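*Asks:* turn this into a model:
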Amino acid sequence: MKELFTLCSPMLTWRMQKIAVPARVVIPEGVTVVFGPNGAGKSTLGNIIAKGWNITTNRITTSLEQKPSVKMIEFGDIHSLAGFHTEYYQQRLEATMNDDVPSVGDLLGARMAMPRWSELASHFSLEHTVEKKVNYLSSGELRKLLLVNALLDAPELLVLDNPYIGLDAVSRDVFNDTLREVACEGTSVMLLLCNPVEIPDFTDMFLPIDCMGLGNPIYAQNGCDDVTAMRETAWSMMDYAVDLSAIPLRRMEVTPHDITFALRDCRVAYGSTVVLDHVDWTVRRGECWSLSGPNGSGKSLLLSLIFADNPQAYSNDITIFDKRRGSGESIWDIKRRIGYVSPEMHLYFRSGGTVAEVVAQGLRDTIGNFGSVSAAAREEAMRWLRLFHLEGVADMPYRNLSAGMQRLVLIARTFIKHPDLLIFDEPLHGLDAARKRAVRAVVNEIARRDSPTLVYVTHYLPEVPESVTRRFTLQGR
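*Replies:* Residues are numbered from 1 along each chain as shown. Prediction:
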């Protein structure tokens with residue numbers, strides 16, 4: 001294998017974070033997988049490789065004539081595309097507030113004239129998104145757009161942080177085919193992964209990382225046997241578990257009601273684009289449902305009608321907790337009884353508070369950092385943080401955590417108020433295999449013990465908790 005670059009320093013640094021390198025590590029051309037659990041240091045290493053060559057303590061050498069061009073993609077990068085920035089979470093649902101938000105075509109501009117754009121857009125089924133406002137894209141569509149935008153630059157090394165999350169089964173297959181093609185064309189790829197099943201068959205190097213330290217690399221020299229060894233090593237690193245008996249108790253019974261929500265012949269459109277049409281769905285108290293459908297089918301939009309985020313709820317026949325929308329209840333009456341986590345909420349959640357404050361503020365019904373936290377609220381937050389083994393980061397700024405750790409914090413925030421309705425929209429995005437297993441176990445135990453209503457969205461059927469016994473599918477338009 002030909003060397004791309006070598007990590008020579010015994011300690012690599014990025015923004016107060018340090019990664020131990022016990023021995024020189026040669027990164028070859030081709031496809032490298034950096035693997036580790038949440039909080040292991042993968043994103044830090046990715047940033048060092050993408051942006052940390054000029055830090056004096058980071059000695060990174062290359063046999064090339066100059067430093068290779070590196071492009072790193074993280075989900076939050078949508079905020080840096082052409083200066084795009086959405087002011088607040090619900091703005092994407094307010095038709096009158098999006099005049100200045102660019103469309104996909106506005107962002108890409110002349111790049112859409114490149115032959116490569118047509119090819120990649122076709123591969124990832126993005127042709128229909130050109131006229132869409134960027135904040136109307138689904139989580140999966142956003143990820144595909146970021147990937148295509150980076151591939152148009154043809155960097156020598158593409159660093160992808162958890163690129164598979166949010167992609168449906170078809171898109172994952174297309175993504176792997178594209179990665180293989182990109183690597184064959186001369187662009188090396190580094191995947192930062194935390195789930196063993198995502199390690200591609202065509203991986204050239206496997207680099208484990210845990211507790212901010214690199215392990216011994218595995219180089220693929222014997223084909224499938226080496227990739228099997230990589231996956232076995234990855235599974236051996238998945239040793240996280242929770243004590244289900246430590247789940248905090250619900251202090252109040254579920255508020256009596258019959259119909260948790262009912263949508264009758266619902267329709268949602270933005271301009272001439274109809275996203276949802278003729279949707280009928282009734283969910284009763286204590287039922288546990290999965291909601292499925294391909295990327296862009298309108299799953300998150302449908303949930304916004306239920307969670308009182310979308311103004312178009314008032315023009316539809318919707319009942320929530322036995323009351324028809326528009327009959328006098330406030331959105332806060334509704335939100336008070338719902339716990340909700342989603343990729344969009346994570347994307348727009350930019351609290352300046354500590355981890356404990358973020359979880360404690362889940363007892364309120366707003367997104368953000370509003371007001372101080374009482375001692376009682378903090379102690380309740382600490383119970384949930386201890387359950388998920390997060391007490392060690394309780395006083396750390398939320399924004400300093402990796403995306404996977406942030407997601408676990410937001411899940412704890414969703415549980416803390418023991419809502420009548422739990423809505424989990426792709427809740428396990430960015431979590432490693434062991435933490436996914438633990439969160440599913442907590443969901444199952446709460447469903448058994450407290451009997452809340454549950455709606456669970458995922459593209460990965462094995463991630464659906466066993467407590468989910470009903471299924472609703474959107475086919476897309």
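*Asks:* Ile338 is in contact with Asp309, isn't it?
*Replies:* No - assessed by C-beta atoms under 8 Å, Ile338 is found out of contact with Asp309, at 10.4 Å. C-beta coordinates here come from the backbone N, C-alpha and C atoms, glycine included.
*Asks:* dump the longest helix along the chain to CSV, restricted to CA.
*Replies:* Secondary structure of the chain per DSSP state H: the longest helix is helix 433-450. Extracted C-alpha coordinates of helix 433-450, given in CSV (Å, rounded to 0.1, in the frame of the first residue of the first chain):
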residue,chain,number,x,y,z
ALA,A,433,-23.7,-0.1,18.7
ALA,A,434,-23.6,-0.6,22.5
ARG,A,435,-25.3,2.7,23.3
LYS,A,436,-28.0,2.0,20.7
ARG,A,437,-28.6,-1.3,22.4
ALA,A,438,-28.8,0.4,25.8
VAL,A,439,-31.2,3.2,24.6
ARG,A,440,-33.5,0.6,23.0
ALA,A,441,-33.5,-1.3,26.3
VAL,A,442,-34.5,1.9,28.2
VAL,A,443,-37.3,2.6,25.7
ASN,A,444,-38.6,-1.0,26.1
GLU,A,445,-38.5,-0.8,29.9
ILE,A,446,-40.3,2.6,30.1
ALA,A,447,-42.9,1.3,27.6
ARG,A,448,-43.5,-1.7,29.8
ARG,A,449,-43.5,0.1,33.1
ASP,A,450,-45.1,3.5,32.4
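*Asks:* contacts for that helix next, please.
*Replies:* Residues outside helix 433-450 that contact it (C-beta atoms under 8 Å, 6 or more residues apart in numbering): 37-38, 194-197, 235, 238-242, 244, 247, 250, 254, 288, 387-388, 404, 408, 411, 415, 418, 422, 424, 427-428, 431, 452, 454, 456, 463, 465-467.
*Asks:* buried ones among the residues you listed?
*Replies:* 37-38, 194-196, 238, 240, 242, 247, 254, 288, 387-388, 404, 408, 411, 415, 418, 422, 424, 427-428, 431, 452, 454, 456, 463, 465, 467 (16 or more other C-beta atoms under 10 Å).
*Asks:* show the pLDDT at Lys335.
*Replies:* Looking at Lys335, its pLDDT reads 86.
*Asks:* can you count the residues close to it?
*Replies:* Counted with other C-beta atoms under 10 Å, residues neighbouring Lys335 total 18.
*Asks:* isn't it up against Ala308?
*Replies:* Yes - look at Lys335 against Ala308 with C-beta under 8 Å: they come within range, at 5.8 Å.
*Asks:* residue most distant from the centroid, the protein?
*Replies:* Glu65 (37.1 Å; C-alpha atoms, centre = their mean).
*Asks:* wait, what's in contact with it?
*Replies:* Glu65 touches nothing, counting by C-beta under 8 Å, 6+ apart.
*Asks:* please tell me how far it sits from Trp332.
*Replies:* 61 Å (C-beta to C-beta, to the nearest Å).
*Asks:* on that earlier part again, next, the residue farthest from the centre of the chain: phi, psi?
*Replies:* phi -70, psi -30 (degrees, to the nearest 10).
*Asks:* before we move on, what about the one 3 residues further on?
*Replies:* According to degrees, to the nearest 10, the main-chain angles of Pro68 amount to phi -70, psi 150.
*Asks:* isn't it right next to Ala154, touching?
*Replies:* No - look at Pro68 against Ala154 with C-beta under 8 Å: they stay out of range, at 11.9 Å.
*Asks:* these two: which has the busier surroundings?
*Replies:* Using other C-beta under 10 Å as the criterion, Pro68 and Ala154 rank with Pro68 on top: 18 against 14.
*Asks:* which residue is the nearest non-sequential neighbour of the more buried one?
*Replies:* Spatial nearest neighbour of Pro68, chain neighbours left out: Glu156 (3.8 Å); criterion: C-beta to C-beta, 6 or more residues apart in numbering.
*Asks:* mind checking which of the buried ones among the contacts of helix 433-450 are in strands?
*Replies:* Using DSSP state E, the subset of those located in strands is Cys288, Leu422, Phe424, Leu454, Tyr456.
*Asks:* and those, which is closest to Met212?
*Replies:* The closest of these to Met212 turns out to be Phe424 (C-beta to C-beta; 29.9 Å).
*Asks:* confirm for me that that closest one is in contact with Leu454.
*Replies:* Yes - using C-beta under 8 Å as the test, Phe424 is close enough to Leu454 to be in contact (7.4 Å).
*Asks:* measure Met1 to Lys144 for me?
*Replies:* Going from Met1 to Lys144 by C-beta to C-beta gives 30 Å.
*Asks:* so for those two, which residue has more residues nearby?
*Replies:* Neighbours per residue, other C-beta under 10 Å: of Met1 and Lys144, the larger number sits with Lys144, 28 against 13.
*Asks:* any idea how far Asp106 is from that one?
*Replies:* 17 Å.
*Asks:* now Glu466
*Replies:* 45 Å.
*Asks:* before we move on, what about Leu410?
*Replies:* Counting by C-beta to C-beta, the gap from Leu410 to Asp106 is 30 Å.
*Asks:* ok, now Glu253?
*Replies:* For Glu253, the distance to Asp106 equals 51 Å [C-beta to C-beta].
*Asks:* which of the two has more neighbours?
*Replies:* Asp106 (14 against 10).
*Asks:* sweet, I'm off.
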